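Colleague: sharing a sequence plus its predicted fold:
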Amino acid sequence: MSVTLLIEQLLNGVQLGTMLFLMASGLTLVFGVMGLINLAHGSFYMVGAYATAAVTASTGSFLIGLGAGMAAAAMVGALVELLVIRRLYHRPHLDQVLATFALILIFSEGTRWIFGSSPMRLSPPSWLTGFVTLPGDTRYPIYRLMLIGVGIVISIALYVLISKTRLGMRIRAGESDREMIGALGVNISKLYTVVFALGAGLAGLAGALVGALQSVQVGMGEPVLILAFVVIVIGGIGSIKGALLGALLVGVVDTLGRVYLPIFFRAFMPPSEATGVGAALAAMLIYILMAVILAFKPKGLFSAND
């Protein structure tokens, strides 16, 4: 268990956490402001990845593809809010779950119909390939460091948006008292559309960025959606600060658990058994973390107003 391996896996955990934050921040905003359980949030992650892959392949520019992926996810999100989600705000949560689950199926089959079942290839640009040498002679991919940097920039931008702008003031007011801001003349329907499109755009950006590390394929958003729900439960529903801290906790704990638990069990178990037991326990680790945090903080680490 070398220092180099530890530094590398810590960075991998932070990188996973920053991408989870992009997913979870939009999800927690939508639930905090609109009271909506949106299971289709992972579909916007997939839309962003596919749009980025398609535009990058046609233009040859990763940056243009990245912008197109985020824009496509935001526009699709706004359209979904106008046509479907708007009819669910005053419906029971079970209706919201069923309707947004149906959207998952529609997006998955629609994507398969347009792009086919085979995964699409998305590669980072040449200037983001290669490695940098970190302290301890650790060589780390430039692209993954860029993902961490993007996550930091987006978190700062969201903080400024929510705490320093008029739109952020309306979003925070909407989390506290929707009826009152409506009575004061704020267009609630327009605010909901903007918030939903913002959340979808952030999810699309995450999908576009991660698509260059993994294959772009149908259903790629659902596993990430599960982790994003864990993040917002740990961090506190409606809290951007909680989403950031929860995402980093989940990313680091999940990454270190998958690497070090099998190594730990090999100290007193046969290697084949240690690998199986370690992998199984690592898969449960973030849910154990969630249970421990909720035992002491039933509403998560932060409230919506923190």
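Modeller: Everything's here; your move. Numbering: from 1, shown residues only.
Colleague: wait, residue 252 sits on residue 14?
Modeller: Yes. Counting by Cβ atoms under 8 Å, residue 252 touches residue 14, with 6.6 Å between them. Where C-beta positions appear, they are placed from N, C-alpha and C, glycine not excepted.
Colleague: quick one: which of those two has more around it?
Modeller: More neighbours surround residue 14 than the other of residue 252 and residue 14, with 21 against 18 (other Cβ atoms under 10 Å).
Colleague: give me the buried stretch members for stretch 279-295, please.
Modeller: Buried residues in stretch 279-295, counted by 16 or more other Cβ atoms under 10 Å: 281, 282, 285, 286, 289, 290, 293.
Colleague: and that stretch, what's its mean pLDDT?
Modeller: Mean pLDDT, stretch 279-295: 90.
Colleague: likewise stretch 235-255?
Modeller: Averaged over stretch 235-255, pLDDT sits at 90.
Colleague: how about the helices of the stretch 101-250 of the chain, start to end?
Modeller: 142-164, 166-176, 178-183, 188-211, 221-235, 240-265 (DSSP state H, counting those that start in this stretch).
Colleague: so which elements touch the helix or strand just after the last one?
Modeller: Yep, that's helix 240-265 we're talking about. Later in the chain than helix 240-265, the nearest helix or strand by DSSP states H and E is helix 271-296. Helices and strands touching helix 271-296, by 3 or more Cβ pairs under 8 Å, 6 or more residues apart in numbering; DSSP states H and E, are helix 221-235, helix 240-265.
Colleague: and the longest helix seen in the chain with helix 188-211, angle?
Modeller: Secondary structure of the chain read by DSSP state H shows that its longest helix is helix 3-34. For helix 3-34 against helix 188-211, the angle by axes from the mean of the first three to the mean of the last three Cα atoms, to 10 degrees is 160 degrees.
Colleague: check which residues of helix 3-34 are buried.
Modeller: Using 16+ other Cβ under 10 Å as the test for burial, helix 3-34 gives 7-9, 11-34.
Colleague: next one: stretch 118-132
Modeller: By 16+ other Cβ under 10 Å, the buried positions in stretch 118-132 come out as 120, 122, 124, 128.
Colleague: what does stretch 94-101 give?
Modeller: Within stretch 94-101, the residues that count as buried by 16+ other Cβ under 10 Å are 96, 99, 100.
Colleague: fine by me, thanks again.
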